[in-house]
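# Provided below for reference: sequence and predicted model.
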Amino acid sequence: MVVAKSWTMVRHFEGAPKPEDFKLVNTELPSLKDGELLLESEFLSVDPYIRPYSKEKLKEGDIILGSQVARVVESNNAAFPVGGYYVAYAGWTTHFISDGTGLDALPSNWPDNLPRSLALGAVGMPGVTAYYGLLEICKPKEGDVLLVNAAAGAVGSLVGQIGKIKGCKVVGSAGSDEKLTFLKEIGFDEAFNYKTVSSLAEALKTASPEGYDCYFDNVGGKFSDAALQQMKDFGRITVCGAISQYNDSVPPSGPYIQPYILFKQLLMQGFLVWTWKNRYPEAQKQLLQWIAEGKLKYHEHITNGFENMPAGFIGMLKGENVGKAIIIV
């Protein structure tokens, strides 16, 4: 009998998630039926989307939602042999039974020298998010100025590098000097610490006096209030996230954005990466190629131990990670 360890929700988050909001439970899994397979998680992902989606998708006592790279350890399904690796969305659990529905195989051309955890990062959902969110919505052109906030995170760090591949000047904002060093190492032209500047507006203007053609927004809030004022006419804005507001119990009020959109004739679009689910292989092929060519660098923020998942999640929401936050079981 296999015992699965799982992190469950004690209560819905009020404000920032706290350790007491999570409970570790053990569950004996039944024997496999025909067509079923047993998978063991090796790498798990903690992502910002878990915070807002948990209230909508979960009830108290449910396993925390999320994705993992898992290996088939037992199978009664010929289509999923033992030893195969898949990306699954089974939540925060060490083992789970599946009938194969919703399992995504790693790309067939996966290089032996790349960690499989990248299927949760640079070649997974964050990489595809950066790829399509930038190229399909912002549509950057050579010579454009691209602004990225949360630029040292899983998505933002890739957006900036893809912008450089496409010939943009790239400006990034992050929350520590360590992260600014990282941004320079991966090719950002300008970077500033939003926590220490005296004025966001001045920092944005200093980084690009001519303004911005493209803005990839992972943060929302006051940062975006300042950034919209710095956009060039006909600028394009991708709204990928609003992490500055996920823990707010009361929605904040801010400046009205319509005058900026109107008089600068801006295009502003939010998106969910699942829009391009049928085009994942196209993005993954290109991302793998850029990594192999050294054009796209990845960084993983590793937390060891399944028992430390809540701490890894809470730390990620606080911005403690550089690159993709990964939990190794």
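Good, I have the coordinates.

# what ranges do the strands span in the stretch 201-329 of the chain?
Counting by DSSP state E, counting those that start in this stretch, the stretch 201-329 of the chain has strands at residues 212-217, 231-239, 267-270, 300-304, 324-328.

# show me the contacts for the nearest residue to residue 39 once chain neighbours are set aside.
If the residues on either side of it in the chain are set aside, residue 39 comes closest to residue 70, at 3.9 Å by C-beta to C-beta, 6 or more residues apart in numbering. For glycine as for every other residue, the C-beta is placed from the backbone atoms N, C-alpha and C. Applying C-beta atoms under 8 Å, 6 or more residues apart in numbering, we find residue 70 in contact with 39-42, 85-88, 90, 96.

# Tell me the buried residues within those residues.
Buried subset of the contacts of residue 70 (neighbour count, 16 or more other C-beta atoms under 10 Å): 39-42, 85-88, 90, 96.

# which of the residues you listed lies closest to residue 210?
Residue 210 lies nearest to residue 87 out of these, by C-beta to C-beta, at 41.1 Å.

# Taking the centroid of the protein, which residue is nearest it?
Nearest residue to the geometric centre of the chain (C-alpha atoms, centre = their mean): residue 126, 4.2 Å.

# quick one: low-confidence ranges for the protein?
For the chain, no stretch is flagged by pLDDT under 70.

# Let me know the outermost residue of it.
Most peripheral residue of the chain (C-alpha atoms, centre = their mean): residue 34, 35.5 Å.

# can you pull the contacts of that residue?
Residues near residue 34 by C-beta under 8 Å, 6+ apart: residue 76.

# Confirm it sits in a strand?
No. Assessed with DSSP: H, G, I helix; E, B strand; the rest coil, residue 34 is coil; it does not lie in a strand.

# Can you pull the phi/psi pair for it?
Per-residue torsions, residue 34: phi -60, psi 130 (degrees, to the nearest 10).

# Surely the residue nearest to residue 39 is within a strand?
Yes. Applying three-state DSSP, one finds residue 70 inside a strand.

# re the thing from before, can you tell me which of the buried ones among the contacts of residue 70 is nearest residue 238?
Of all the buried ones among the contacts of residue 70, residue 238 sits closest to residue 87, with 23.8 Å by C-beta to C-beta.

# burial of the residue lying closest to the closest one once chain neighbours are set aside, as a residue count?
Spatial nearest neighbour of residue 87, excluding adjacent residues (C-beta to C-beta, 6+ apart): residue 104 at 4.4 Å. By the criterion of other C-beta atoms under 10 Å, residue 104 has 18 neighbours.

# how much space between residue 104 and residue 131?
According to C-beta to C-beta, to the nearest Å, residue 104 stands 16 Å off from residue 131.

# Identify the structural domains in the protein and state their residue ranges.
Domain ranges of the chain: 3-121+298-328, 125-274, per automatic domain parsing.

# Of those domains, which is nearest residue 292?
Taking C-beta to C-beta, domain 3-121+298-328 is the member of those nearest to residue 292, at 6.7 Å.

# Now the terminal residues of that closest one, how far apart.
18 Å (C-alpha to C-alpha, to the nearest Å).
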